[in-house]
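Colleague: heads up, no residue letters with this:
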């Protein structure tokens, strides 16, 4: 699948959105990439997972873990494509990433972390720290989209399917805030008071 075909699929499914968005990182942007719009179609999710799998040739993986919520479906599909198990990490009552629901890691496992979109890489880094706390090897990170503008560095190989240069701002530096454009928190479609 070519970059143009992947971009066409993102456009076709409504992944690429314009407005004034509050990202999960706390930053603001005029662009939001809602991969859930693509991942709602199992056959398209499986196709993207196969394309990601091709980027991982030669990488030894026992388990794929995605951060909840954005990484759950694509991590599952990549695990299916690789023929390994899939887990997800989620925030508990203290808002800290953890393995719950009886998920366990075992000595010697090689873990790949898969996310839908990487902006600052904060959620992925939390999962890396969690996995390493179990003395487990993180062999890499994969994502559908890297929108970090090359700033995401996880200390392990990073395999984004697409790299899209999308600008984000702190609240204080946001030109959209300065223009008075209402801020929307994606997923809720609700305006956020500024």
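Modeller: Received the coordinates, thanks. Just so it is clear, the structure is predicted and the values come from calculations on it, not from any experiment.
Colleague: quick one: terminal-to-terminal distance for stretch 89-107?
Modeller: Start-to-end span of stretch 89-107 (Cα to Cα, to the nearest Å) is 18 Å.
Colleague: From here on, call the first residue 2.
Modeller: Happy to do that; since the first residue is 2 now, the last one works out to stretch 90-108.
Colleague: Need the contact partners of that stretch.
Modeller: Identification of contacts with stretch 90-108 by Cβ atoms under 8 Å, 6 or more residues apart in numbering yields 64, 66-70, 88-89, 112, 124, 127-128, 130-132, 135-137. The way it works is simple: take the backbone N, C-alpha and C, and place the C-beta from them, glycine included.
Colleague: again, 10 Å this time
Modeller: Contact with stretch 90-108 is made by 63-64, 66-70, 72-73, 76, 86-89, 112, 114, 124-132, 134-138, as judged by Cβ atoms under 10 Å, 6 or more residues apart in numbering.
Colleague: In strands only, show me these.
Modeller: 64, 66-68, 86-89, 112, 114, 138 (DSSP state E).
Colleague: Provide a PyMOL selection command restricted to the buried entries of the contacts of stretch 90-108.
Modeller: Per 16 or more other Cβ atoms under 10 Å, the buried members of those correspond to this PyMOL selection:
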select buried, resi 63+64+66+67+68+72+73+76+87+88+89+112+114+124+125+126+127+128+129+131+132+137
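Colleague: For the ones in strands among the contacts of stretch 90-108, give me TSV that also has pLDDT and distance to residue 47.
Modeller: Below are the ones in strands among the contacts of stretch 90-108 laid out as TSV (pLDDT from 0 to 100; distance: Cβ to Cβ, whole Å):
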residue	pLDDT	distance to residue 47
64	98	19
66	98	19
67	97	15
68	96	20
86	98	17
87	98	13
88	98	19
89	97	18
112	98	21
114	98	20
138	96	27
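Colleague: Check those against residue 38 and report the nearest one.
Modeller: Comparing those against residue 38 with Cβ to Cβ places residue 67 closest, at 17.1 Å.
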